[in-house]
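[1] the sequence and its predicted three-dimensional model are supplied below.
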Amino acid sequence: MLDIKFIRENPDAVRENMKKKFQEEKIPLVDRVLALDEENRRSITEASELRSQRNALSKQVGMLMGQAKKDPAKLEEAERVKEQVKANARRLAELEQKEAELEAELHRLMLLIPNIIDPSVPIGPDDSANVEVERFGEPAAPGFEVPYHTEIMERFDGIDMDAAGRVSGNGFYYLMGDIARLHEAVLAYARDFMIDRGFTFCIPPFMIHRNVVEGVMSQTEMDAMMYKVEGEDLYLIGTSEHSMIGKFIDQILPEASLPQTLTSYSPCFRKEKGAHGIEERGVYRIHQFEKQEMIVVCRPEESMEWYEKMWRYSVELFRSLDIPVRQLECCSGDLADLKVKSCDIEAWSPRQGRYFEVCSCSNLGDAQARRLKIRVKGENGKNYLPHTLNNTVVAPPRMLIAFLENNLQEDGSVKVPEALRPYMGGKSLLVPKH
């Protein structure tokens, strides 16, 4: 969410930013917000004047009532002033109600206005215009056919989607045996990987209030992703970033405590609406999965430096597991409304002969901090808004696809990279049962 002062002073920049994001339909919002803001400020000014008058008139009534003992005419004048006080009170009540309505509508519209994107963001309408920046590792083209990922898992008796369908429906799965152990090993390795880089490990709440949801994401994302708990002001998290950033809601942080660097484990729950092709079945798009996340809350001038560090951590982790990856810069039309800049880390799929998304790193500027009222007390005693960033460390369902395909041997066994062996009981090879 932008600062209303910024919109007042830079309406053309806000409109131009909407054009860059291919959201021309939102341009009328700028004039609507400015008109509401002006009307609200007039109401606030009038209400302030009435409150000031109320104090003066109340003193006048007291003075006139005291004088009425000697001059009965003063009593009539006091009654007229009392009527004025009552009229002012009625008008003040009207203005206070109007202020509340105007501020609620202004807040609702402000949530729809996208954040100002960084000048370095490539301009394009959708993810087809995302730009490859760099590749890490040589994509392998094995001399044998790589089966679909669920087929690989089935050879280890490692997945049962039929049973999950009977129990929970489509979009769920049972992981079993070595595949389940591999899933947990990847999470544990990712946890320690981030701890070794100075991040504090955290297990957050898996349900959050609506005001936190509105603070961390757009309404469109919320409707498409979030599951609501019936009869409660609670939503199941779609990623632990939501509750991790929410941890600082309404807080004033001492500047010396920055940066806040946290890495968190959580299950994640997503609606994943819409039909998907064959390559997005299996465990690619599912309603429930587990993930290791990283978030940073930092000084504004440090956020781009952290952005670079964070996506490179993802590259380092995947390369340590012998998975080739690339960095893809997200274009303007592919950025969610709160994001200033974002990139995807995509892993190589030998089966498909292409890359697919496994991590997403984002700098959200001060948008989440403004919505959640997260402030920092600077050394000069003044408060300011920090910047927030997030990045996937690893989400095992997609990681498992990349891991199994890239470490599959011709005989059907799966190589365990050295970095992961301590988390797999020392195993260097997984041998299929079928």
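    Noted; the coordinates are in hand.
[2] mind listing the helices for the stretch 101-250 of the chain?
    Secondary structure of the stretch 101-250 of the chain (DSSP state H, counting those that start in this stretch): helices at 149-155, 161-167, 177-195, 210-216, 219-225, 240-246.
[3] contacts for the last one, please.
    The reference is to helix 240-246. 202, 204-206, 208, 212-213, 215-217, 237, 262, 264-266, 268, 291, 293, 295, 297, 368, 372, 374, 388, 390 (CB atoms under 8 Å, 6 or more residues apart in numbering). Where you see a C-beta, it was placed from the backbone N, CA and C, and this is true even at glycine.
[4] got it, and the fifth one?
    Residues external to helix 219-225 that are found in contact with it (CB under 8 Å, 6+ apart): 111, 112, 213, 214, 217, 235, 238, 270, 271, 273, 336, 337.
[5] let me have those in JSON lines, extended by pLDDT and distance to residue 287.
    Listed next are the contacts of helix 219-225 as JSON lines, based on pLDDT from 0 to 100; distance: CB to CB, whole Å:
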{"residue": "111", "pLDDT": "92", "distance to residue 287": "26"}
{"residue": "112", "pLDDT": "94", "distance to residue 287": "27"}
{"residue": "213", "pLDDT": "94", "distance to residue 287": "18"}
{"residue": "214", "pLDDT": "92", "distance to residue 287": "22"}
{"residue": "217", "pLDDT": "89", "distance to residue 287": "18"}
{"residue": "235", "pLDDT": "95", "distance to residue 287": "14"}
{"residue": "238", "pLDDT": "92", "distance to residue 287": "10"}
{"residue": "270", "pLDDT": "91", "distance to residue 287": "6"}
{"residue": "271", "pLDDT": "89", "distance to residue 287": "7"}
{"residue": "273", "pLDDT": "57", "distance to residue 287": "10"}
{"residue": "336", "pLDDT": "93", "distance to residue 287": "20"}
{"residue": "337", "pLDDT": "94", "distance to residue 287": "24"}
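[6] from the residues you listed, which ones fall inside strands?
    residue 235 (DSSP state E).
[7] I'd like the contacts of helix 219-225 as TSV, with neighbour count appended.
    Formatted as TSV, the contacts of helix 219-225 follow (neighbours: other CB atoms under 10 Å):
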residue	neighbour count
111	15
112	16
213	22
214	17
217	24
235	20
238	23
270	19
271	13
273	8
336	18
337	20
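[8] turn the contacts of helix 219-225 into TSV, including distance to residue 151.
    Output for those, formatted as TSV (distance: CB to CB, whole Å):
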residue	distance to residue 151
111	44
112	44
213	38
214	42
217	35
235	35
238	28
270	25
271	27
273	27
336	34
337	39
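[9] and the two most separated of the contacts of helix 219-225?
    Using CB to CB, the contacts of helix 219-225 span at most 22.4 Å, a distance reached by 112 and 270.
[10] phi, psi of residue 17?
    Backbone torsions for residue 17, taken as degrees, to the nearest 10, come to phi -60, psi -40.
[11] doesn't residue 117 make contact with it?
    Yes. With contact defined as CB atoms under 8 Å, residue 17 counts as touching residue 117 (6.4 Å).
[12] just checking, residue 353 touches residue 142?
    No. Residue 353 lies out of contact with residue 142 (CB under 8 Å); the separation is 10.8 Å.
[13] neighbour count winner among those two?
    A direct count of neighbours by other CB atoms under 10 Å for residue 353 and residue 142 places residue 142 higher, at 13 against 10.
[14] now do the contacts for the more buried one.
    Applying CB under 8 Å, 6+ apart, we find residue 142 in contact with 350, 408, 410.
[15] what's the burial count for the closest residue to the last one other than its chain neighbours?
    The spatial neighbour of residue 410 that comes closest, neighbours along the chain excluded (CB to CB, 6 or more residues apart in numbering), is residue 144 at 4.6 Å. Other residues within reach of residue 144, judged by other CB under 10 Å, total 11.
[16] over to residue 144: give its phi and psi.
    The phi/psi pair for residue 144 (degrees, to the nearest 10) reads phi -140, psi 160.
[17] can we start the residue count at 632 from this point?
    Okay, residue one is now 632; in that scheme the one you just asked about reads as residue 775.
[18] could you check how far it is from residue 1049?
    23 Å (CB to CB, to the nearest Å).
[19] with residue 984 instead?
    For residue 984 relative to residue 1049 (CB to CB), the value is 27 Å.
[20] where does the prediction get shaky in the stretch 732-881 of the chain?
    Along the stretch 732-881 of the chain, no part satisfies pLDDT under 70.
[21] now the contacts of helix 871-877: which count as buried?
    Neighbour counting over these (16 or more other CB atoms under 10 Å) leaves 833, 835-836, 839, 843-844, 846-848, 868, 893, 895-897, 899, 922, 924, 926, 928, 999, 1003, 1005, 1019, 1021 as the buried ones.
[22] just the ones of those residues in strands?
    Per DSSP E, the subset of the buried ones among the contacts of helix 871-877 in strands is 833, 839, 893, 895-897, 899, 922, 924, 926, 928, 1019, 1021.
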